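Peer 1: Predicted structure and sequence below. I'll ask about it afterward.
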Amino acid sequence: MTTTAADVLIDILHDWGVKVIFGLPGDGINGIMEALRNRQEQIRFIQVRHEEAAAFMACAYAKYTGKLGVCLATSGPGGIHLLNGLYDAKLDGQPVLAITGHHYHDLINTHSQQDVDLDKVFMDVAVYNARIMGPTHVENVANLACRAALSYRGVAHINFPLDFQSQSVEKKGSMRNLPHHVSNVSVHSVLLPSDEDLQRAAEVLNAGQKIAILAGRGALGATDELEQVADLLGAPIIKALLGKAAVPDDSPYTTGTIGVLGTKPSQEAFETCDTLLIVGSTFPYLEYYPKPGQARGVQIDIDPFRIGLRYPVEAGLVGDSYVALQKLLPLLKRNENRSFLEQAQSGMKEWRQTMEERGTKQDKPMKPQVVAYELGQRLSDSAIVSADSGTNTTWWARQIPVKRGQMHSVSGTLASMACGLPYAIAAAIAYPDRQSIAFVGDGGFSMLMAEFVTCVKYQLPVKVVIVKNGTLGQIKWEQMMHLGNPEFGCELQSIDFAAFARACGGTGFTIDDPANCGTILDSALATPGPVVVEAVVDPLEPQVPPLVKSEEVAKLSQALKRGEPNREELAANIISVSNIERVRELI
């Protein structure tokens, strides 16, 4: 049997440990699809309904497994559709390989159908980007693409003209292209910070009295070390969103997340600390950091480029967070001043009580916090929770506690809508024995809702919990609180998501009464196969930061005065969750 160039590509991916490819067939990748058909026992092909979802799935697969995620799309529009999910991988530092088709090589740039130079389109998103120039080119390019994605934790792209895919590789390459000269050996390096940098970092941290730790996605593998450092330094651990699972939320050292969807104790710790240790994070919202000059800083990051990117640190440790913290621990002295940590712990005790009060309200319409709270009480210790972007992200961050052993993620730096369901699908494929939950909003879910059929097709037991408030909630609140404008263009046409789930061949539930929320969630989680839970919630429940600034109150009041619909109800809800009495006075 003749070995084709596409065969070589798939064999090399298998050699690099690839077990699954997410994609959608098309006439620009027919040769690759044939190679996959002949190797179904080696690499599983997951057919999606939209290429954007395939790229999201590849990104999530990389996030949840640490392995190379791979997506496949046809020429022209198919490849273009991948871009959003690939930028998610780029901005969150995940190793993903994108494979796209192209026209017949001798018709490229002749105004043929779907004649798009995707290698040029992908120049910004990819750390390695190559067009196959012939069958003997495949081995070299494929190996380098896999190595680049894994080594640089980014996107690699191979653009493969259609006619080359089915051509034989029996013909010799050029005189300098010796067969099999590229190795596919996977290597792992561990960057070690220098002794000098370790000493400098220890000096800064040991001199601090009010020390705060910011933990991000780079700290996910260093849970025990983070807690040991926190105990020595008397330091609360504040978590960036991608670092939500860095330490469990029942840890006595964490104050939860930071930012507009964070906690009050986290923000208070940042505003009063005199020393900041950043571990594996470049949390992008500068306004939430300590003011420059307020706190001395130390940062640990695997990428030297990111040292000092968000905060002016005095010492930087380049390396894996787990290793760097292990090296740093023996140099740290116990901070006998425990008042800063104790104050944060006291604040968290009050915060958790507040979250429980909001999560158990029996008001109608049902509050979105109730759905998140009740779900959080029922998740298994090994659950994988994929959130989406929007107000649902706030309820996930605040009301669904992380247990040790769970994984949680979202589109972090890109903050793209529609990621939740594809993420959960990838999690279910990577870990078929673990609970996979998509916690999403109606806006984000409806963008790629056809992927629920993917769950049905492959009988993936993904449970999709949709917070249905009938509006693009986060945009609505940004229009009001940041700009002082009444909401516009945010209202969503209602969809019966439970009926949609049943129409797709899955199971659908609807919750609209908080008294039944827990019982229905129990039924949904116990139901085999893919399930949608449509939770109809109060569209007027505000997304309020943990500490509201005076300018935000002024902008909100301005928006209410200028004609915001339901302004009396909105004002009452805002007051109930933030005690901003000035809102009612100013409308």
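Peer 2: Looks like it came in fine. On a predicted model such as this, the values are computed, not experimentally measured, just so you know. Numbering: from 1, shown residues only.
Peer 1: For the rest of this, base every contact and every neighbour count on C-alpha atoms.
Peer 2: OK.
Peer 1: got a list of what residue 27 touches?
Peer 2: 74-75 (Cα atoms under 8 Å, 6 or more residues apart in numbering).
Peer 1: distance of it from residue 77?
Peer 2: 12 Å (Cα to Cα, to the nearest Å).
Peer 1: same deal with residue 201?
Peer 2: Residue 201 sits 50 Å away from residue 77, going by Cα to Cα.
Peer 1: ok, the two, which is more surrounded?
Peer 2: residue 201 (24 against 14; other Cα atoms under 10 Å).
Peer 1: Quick check: that one touching residue 313?
Peer 2: No. Contact criterion Cα atoms under 8 Å: residue 201 and residue 313 do not qualify, at 9.7 Å.
Peer 1: Could you tell me which residues touch both of these two?
Peer 2: Contacts common to residue 201 and residue 313, judged by Cα under 8 Å, 6+ apart, are residue 298.
Peer 1: Run through the residues that contact residue 79.
Peer 2: With Cα under 8 Å, 6+ apart, residue 79 has these contacts: 51, 73, 100-101, 118.
Peer 1: So which residues of the stretch 201-350 of the chain form strands?
Peer 2: For the stretch 201-350 of the chain, the strands defined by DSSP state E, counting those that start in this stretch occupy 211-215, 237-239, 254-257, 275-279, 296-301, 315-318.
Peer 1: Quick one: the ones you listed as a markdown table, columns for distance to residue 41 and mean pLDDT too.
Peer 2: A markdown table is the format used below for the strands of the stretch 201-350 of the chain (distance: least, Cα to Cα, whole Å; pLDDT from 0 to 100):
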| stretch | distance to residue 41 | mean pLDDT |
| --- | --- | --- |
| strand 211-215 | 40 | 98 |
| strand 237-239 | 41 | 98 |
| strand 254-257 | 42 | 98 |
| strand 275-279 | 41 | 98 |
| strand 296-301 | 39 | 98 |
| strand 315-318 | 41 | 97 |
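Peer 1: where does the stretch 151-300 of the chain have low pLDDT?
Peer 2: Filtered on pLDDT under 70, the stretch 151-300 of the chain yields the residue ranges 172-178, 180-190.
Peer 1: er, the chain actually
Peer 2: Scanning the chain for pLDDT under 70 picks out the ranges 1, 172-178, 180-190, 578-587.
Peer 1: how big is the angle separating the helix ranked longest in it from strand 211-215?
Peer 2: Longest helix of the chain, by residue count under DSSP state H: helix 339-359. Helix 339-359 and strand 211-215 are oriented at 50 degrees to each other (axes from the mean of the first three to the mean of the last three Cα atoms, to 10 degrees).
Peer 1: Which residue is the nearest non-sequential neighbour of the most centrally placed residue in the chain?
Peer 2: Ranked by distance to the mean C-alpha position of the chain (Cα atoms, centre = their mean), the top residue is residue 410 at 2.5 Å. Once flanking residues are discounted, residue 410 sits nearest to residue 387: 5.1 Å by Cα to Cα, 6 or more residues apart in numbering.
Peer 1: Which parts of the stretch 201-350 of the chain are helices?
Peer 2: 223-233, 264-272, 321-328, 339-359 (DSSP state H, counting those that start in this stretch).
Peer 1: quick one: residue 125 from residue 3, how far?
Peer 2: For residue 125, the distance to residue 3 - Cα to Cα - is 32 Å.
Peer 1: Give me the more crowded residue out of those two.
Peer 2: Ranked by neighbour count (other Cα under 10 Å), residue 125 and residue 3 place residue 125 first, with 20 against 13.
Peer 1: in terms of contact, does that one touch residue 87 like I think?
Peer 2: Yes. Using Cα under 8 Å, residue 125 is in contact with residue 87, at 6.1 Å.
Peer 1: sorry, back to before: return the residues in contact with the residue nearest to the centre of the chain.
Peer 2: By Cα under 8 Å, 6+ apart, residue 410 lies in contact with 242, 386-389, 419-420, 423.
Peer 1: and if you look at residue 418?
Peer 2: 388-389, 444-448.
Peer 1: same check, this time on residue 57
Peer 2: 22, 69, 71, 422-423, 425-426.
Peer 1: hang on, it is in a helix, isn't it?
Peer 2: Yes. Residue state for residue 57 (DSSP: H, G, I helix; E, B strand; the rest coil) corresponds to a helix.
Peer 1: And it, how far from residue 208?
Peer 2: Going from residue 57 to residue 208 by Cα to Cα gives 43 Å.
Peer 1: Any buried residues in the longest helix of the chain, and which?
Peer 2: 340-342, 344-345, 347-348, 351, 355-356, 358-359 (16 or more other Cα atoms under 10 Å).
Peer 1: now, among those, which is nearest to residue 114?
Peer 2: residue 359 (50.9 Å; Cα to Cα).
Peer 1: who touches that closest one in this structure?
Peer 2: Residue 359 neighbours (Cα under 8 Å, 6+ apart): 367, 369-374, 399.
Peer 1: again, only this time at 6 Å
Peer 2: Residues near residue 359 by Cα atoms under 6 Å, 6 or more residues apart in numbering: 369-370, 373.
Peer 1: quick one, phi psi at the residue lying closest to residue 59 once chain neighbours are set aside?
Peer 2: Nearest residue to residue 59 in three dimensions, chain neighbours excluded: residue 89, at 5.2 Å (Cα to Cα, 6+ apart). Dihedral angles of residue 89 (phi, psi; degrees, to the nearest 10) stand at phi -70, psi -40.
Peer 1: And for residue 432?
Peer 2: Dihedral angles (degrees, to the nearest 10) for residue 432: phi -60, psi -20.
Peer 1: Please apply the same query to residue 110.
Peer 2: phi -120, psi 30.
Peer 1: how many other residues sit next to it?
Peer 2: Using other Cα under 10 Å, the number of residues around residue 110 comes to 9.
Peer 1: and it, how far is that from residue 216?
Peer 2: In terms of Cα to Cα, residue 110 sits 48 Å off from residue 216.
Peer 1: which residues are in contact with the host helix or strand of residue 474?
Peer 2: With elements taken from DSSP states H and E, the one containing residue 474 is helix 473-481. Applying Cα under 6 Å, 6+ apart, the external contacts of helix 473-481 come out as 390-391, 485-487, 552, 555-556, 559.
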